[in-house]
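Enquirer: Below: sequence and its predicted model.
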Amino acid sequence: MAEVGGTIKQNTVWLLANSPYHVTQDMVINSDVTLNIEAGVVVNLDNGVRIDVNGTLIARGTANQKIVFQPTNGTTLGSWDTISFSDSSVDANWMVGGVPIYAAVPLSLTQGYNAVGIPHPPGLIARMALSQITGGQIITQWNAGSQMWRSVFKNVVGDVLGNDFEFEADQGYFISVNQNSTWVPTIVLAAPKKTVSLPPVLAMTDVTSLLAFSAGSLSSASAAFAFRSDGIGQGYVEYGTDLNLADQASGGNRESVSNPFAATEKAHTQYQVLCQDQGDWVG
């Protein structure tokens with residue numbers, strides 16, 4: 001184990017052969033100085049220790065040899081401070097080889113947060129994607145316009161909630177999963193809605209007569225009618241007491257008629273029907 005700390009004033013390499021490195025005090029990488037950490041190196045940091053980068057920090061691990069920054073044995077997880085980069089630090093750059101990916105491919109997600117930026121089908125939205133991912137918990141996107149994070153997430157019963165958004169080709173995302181899983185970005189078509197067959201709408205025609213007209217449940221306040229017309233139209237029925245007909249039905253004694261409308265029905269079944277689209281007529 002190599003103990004390190006303080007100010008690094010010249011270009012330095014932390015070798016895998018000397019790993020782990022034990023940072024016992026705050027460390028500063030001076031401007032115009034490079035610290036290169038080899039793949040596979042483990043860096044243990046004491047409680048409250050931080051690393052300030054004013055120059056260049058190169059830490060390039062591999063899939064099989066990861067570079068690990070962790071608390072020194074016996075200290076609480078997350079007890080060391082930060083690795084901070086000042087404005088004078090050198091931005092990282094390196095050549096990337098391989099074949100460009102233009103179509104969605106299987107993506108291996110590791111338990112925890114995964115930074116993702118891969119091709120996806122147009123129209124893919126976060127809620128749809130999270131529903132597809134086994135163990136998916138959260139998908140987060142940085143919105144440059146509002147300068148805020150947008151996220152969708154699953155609640156304890158598995159419902160997908162949050163501020164939905166569409167994936168964009170020039171942005172990356174964070175996907176949180178609670179287990180290792182594989183996901184292929186896919187558009188899932190919604191099930192077609194059930195269609196209800198409605199009767200055809202018929203054209204309006206003239207109404208000139210009522211067929212099989214009958215009335216029931218008659219009272220001074222309401223009545224029920226049933227009839228067929230010889231045309232198609234909209235209308236309404238008005239009824240009332242014809243005192244002349246009531247006189248005829250009751251022998252001229254209006255006071256003996258307990259239901260004037262019933263008297264009207266007895267006297268030749270005369271009603272007034274108003275058809276809104278064709279005018280008034282009596283049948």
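Expert: Received it, and whenever you're ready, just let me know what you need.
Enquirer: Okay, now the unreliable bits of the stretch 101-250 of the chain?
Expert: Scanning the stretch 101-250 of the chain for pLDDT under 70 picks out 101-102, 118, 190-204, 207, 210-250.
Enquirer: what about the strands in the stretch 51-200 of the chain?
Expert: Using DSSP state E, counting those that start in this stretch, the strands assigned to the stretch 51-200 of the chain run over residues 51-53, 56-59, 68-71, 83-85, 107-109, 112-116, 136-143, 148-154, 160-162, 173-177, 181-183.
Enquirer: Dump those into TSV; add distance to residue 35 and mean neighbour count as well.
Expert: All C-beta spots, glycine's among them, are computed from the backbone N, C-alpha and C. TSV is the format used below for the strands of the stretch 51-200 of the chain (distance: least, CB to CB, whole Å; neighbours: other CB atoms under 10 Å):
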stretch	distance to residue 35	mean neighbour count
strand 51-53	8	21
strand 56-59	5	17
strand 68-71	13	14
strand 83-85	11	15
strand 107-109	30	15
strand 112-116	23	13
strand 136-143	29	18
strand 148-154	31	17
strand 160-162	40	15
strand 173-177	27	20
strand 181-183	36	16
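Enquirer: Now the ones you listed in CSV, please, with extra columns for distance to residue 127.
Expert: Output for the strands of the stretch 51-200 of the chain, formatted as CSV (distance: least, CB to CB, whole Å):
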stretch, distance to residue 127
strand 51-53, 39
strand 56-59, 36
strand 68-71, 34
strand 83-85, 35
strand 107-109, 17
strand 112-116, 16
strand 136-143, 9
strand 148-154, 5
strand 160-162, 5
strand 173-177, 13
strand 181-183, 14
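Enquirer: what's the closest of those strands to residue 23?
Expert: strand 51-53 (7.1 Å; CB to CB).
Enquirer: mind checking which of the strands of the stretch 51-200 of the chain is nearest residue 11?
Expert: Closest to residue 11 of the strands of the stretch 51-200 of the chain, according to CB to CB: strand 56-59, at 8.9 Å.
Enquirer: Report the backbone C-alpha coordinates of stretch 27-44 in CSV.
Expert: C-alpha atoms of stretch 27-44 as CSV (Å, rounded to 0.1, in the frame of the first residue of the first chain):
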residue,chain,number,x,y,z
MET,A,27,-4.6,16.3,-2.1
VAL,A,28,-4.1,19.0,-4.8
ILE,A,29,-2.9,18.4,-8.4
ASN,A,30,-1.2,21.6,-9.5
SER,A,31,-1.9,23.3,-12.8
ASP,A,32,0.3,22.0,-15.7
VAL,A,33,0.7,18.7,-13.7
THR,A,34,-0.9,15.3,-14.7
LEU,A,35,-1.8,12.5,-12.4
ASN,A,36,-2.4,9.3,-14.4
ILE,A,37,-4.1,6.4,-12.5
GLU,A,38,-3.6,3.0,-14.2
ALA,A,39,-6.5,0.6,-14.8
GLY,A,40,-7.3,-1.6,-11.8
VAL,A,41,-6.0,0.7,-9.1
VAL,A,42,-7.9,1.0,-5.9
VAL,A,43,-7.8,4.4,-4.1
ASN,A,44,-8.7,4.5,-0.4
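Enquirer: Tell me which residues of that stretch come out buried.
Expert: Going by neighbour count (16 or more other CB atoms under 10 Å), the buried part of stretch 27-44 is 27-30, 33-35, 37-38, 40-44.
Enquirer: re the thing from before, relative to residue 209, which of the strands of the stretch 51-200 of the chain is closest?
Expert: Among the strands of the stretch 51-200 of the chain, the nearest to residue 209 by CB to CB is strand 160-162 (61.3 Å).
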